[in-house]
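[1] the following comprises the amino acid sequence and a computationally predicted model.
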Amino acid sequence: MHSKAIIPQLITLFLVIGFSSSSILAEEPVEANETAETETLKVKNKTSFDSVEERRLYALLQNERDNLKEEKKGIALKERELKTLQEEADKNFKLLDEKLAELQKVQAKIEALLAEKDVREIKKTKDLSLIYAKMTPDRAALAMAALDEQLAANLLATMKVKSAAKILDRMDKLKASQLSTTFTTIKVE
């Protein structure tokens, strides 16, 4: 019979603690300055226990409530940390994207400059080959023998076949064979 009398009190206790702990779990934090009525209700609930079991249950529920409060604070702190880290990561990704775009622009400029350089070199090689073609074959052979092998092969490649043959005929046989080998490995542009 005594346990039946405790049940309504426990239900009342659970409801009071449940309502007070629900404010902890709510999305908006509880203000530090609670009203006087809430304080009075808490004091009344803490001091008006009819049995040791009620006090033990109240203490257990109060402990759980405190643990939930601490967990909520920890979760909120972790969420702020994660948000800060996410913002930093977003900034870093944005900076990387900007740097990548900048590097792609620089790469495009370099490629354009290299293409322009190649065009100028080809033109110079053609102009120089015209000069060597107009020289006498003996003088052209003597001058080409002193040139870089690749340049000499490029000059011969841009000349008319008849002029190139006359120059190669006047060269030292070893140098002529080296130029012929280099000439066969020239990439056609």
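    Structure's in. What do you need?
[2] just the pLDDT for A141.
    In this model, A141 is scored at 89, pLDDT.
[3] state the distance from it to V161.
    Distance of A141 to V161, given as Cβ to Cβ, to the nearest Å: 16 Å. For every residue, glycine as well, the C-beta is placed using N, CA and C.
[4] one more: M171?
    Using Cβ to Cβ, one obtains 16 Å as the distance from M171 to V161.
[5] and for E121?
    Between E121 and V161 the computed distance is 22 Å (Cβ to Cβ).
[6] which of those two has more residues huddled nearby?
    The neighbour comparison of E121 against V161 (other Cβ atoms under 10 Å) goes to E121, with 12 against 8.
[7] what about the more buried one, helix or strand, and which?
    helix 52-134 (DSSP states H and E).
[8] what packs against that helix?
    helix 2-25, helix 137-145, helix 149-158, helix 161-170 (3 or more Cβ pairs under 8 Å, 6 or more residues apart in numbering; DSSP states H and E).
[9] which of the ones you listed has the lowest mean pLDDT?
    helix 2-25 (a mean of 57).
[10] what's the residue closest to the geometric middle of the chain?
    F93 (5.0 Å; Cα atoms, centre = their mean).
[11] tell me the contacts of it?
    Going by Cβ atoms under 8 Å, 6 or more residues apart in numbering, F93 touches no other residue.
[12] so what pLDDT did N92 get?
    Reading off the model, N92 has pLDDT 96.
[13] what is the burial count for it?
    Counted with other Cβ under 10 Å, the neighbours of N92 add up to 10.
[14] I'd like to know how far it sits from E98.
    As judged by Cβ to Cβ, N92 and E98 stand 11 Å apart.
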